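**Student:** Pasting the sequence and the predicted model now:
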Amino acid sequence: MDKHALTQTWDQIRQKYGVYLRLLEVFPADRLNTNPVTGMRTPAQLVAHVSGTVIRDIARGIAKGEITADESGEDTVAAGWKSKEEMIVFARTCWDQASVAVAATGDAQLNAMVPTPWHMTFPGWVGFNIMTDEFLHHRGQLYAYARCCGVEPPFMWGFDQNAPAFRPTV
């Protein structure tokens, strides 16, 4: 992957993230801290993980040459939200921070070996592949959770229905 390919990949993630934000908007506020599936993260914990660790921290880590994400703080982040709106602001802020990091990422960072807190080191471009897999996996969990909570999630490929910043540009 080079910078050009990263730009294309990031554009796809941007559009999918727009659908994810729409999902958060329709999710029942009174169910964010419940366990729709026993033994798994709550929806709020998933948002802290997806937006904070998966999107923001991986992008920033690749840009700076080391991923230092600390997943142990995700529960604290999720517990600190007093409303669904605060959670959505967090998700949007993480996106903005990740976008800044991606803009600063070039071929050198994509090809450099990046240490992680997960006891592995990989080229930066692999980190973006891992990010995509993790993001889609957890977004799928939130889709299932929404249905368990009686909510119809947004059409997963309805990019044209996203907020303007997350719509297709072509």
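**Tutor:** Right, received. Where do you want to start? Predicted, not measured: the structure shown is a model, and the values here were computed from it. Numbering: from 1, shown residues only.

**Student:** Val100: what's it in contact with?
**Tutor:** For Val100, the contact set (Cβ atoms under 8 Å, 6 or more residues apart in numbering) is empty. Backbone N, C-alpha and C define where each C-beta goes, glycine included.

**Student:** ok, it to Ala69 distance?
**Tutor:** Look at Val100 and Ala69: by Cβ to Cβ, to the nearest Å, they are 17 Å apart.

**Student:** again with Pro36
**Tutor:** Using Cβ to Cβ, Pro36 is found at 25 Å from Ala69.

**Student:** out of these two, which sits in the more crowded spot?
**Tutor:** Ala69 (19 against 16; other Cβ atoms under 10 Å).

**Student:** so the more buried one makes contact with Ile62?
**Tutor:** No: with contacts counted by Cβ atoms under 8 Å, Ala69 stays clear of Ile62, the gap being 11.3 Å.

**Student:** Need the residues touching each of the two.
**Tutor:** Among the neighbours of Ala69, none is also in contact with Ile62 (Cβ under 8 Å, 6+ apart).

**Student:** and Asp160, what pLDDT?
**Tutor:** For Asp160, the pLDDT comes out at 97.

**Student:** any idea what sits nearest it, other than its immediate chain neighbours?
**Tutor:** Distances taken as Cβ to Cβ, 6 or more residues apart in numbering put Arg167 closest to Asp160, at 6.0 Å, once the chain neighbours are dropped.
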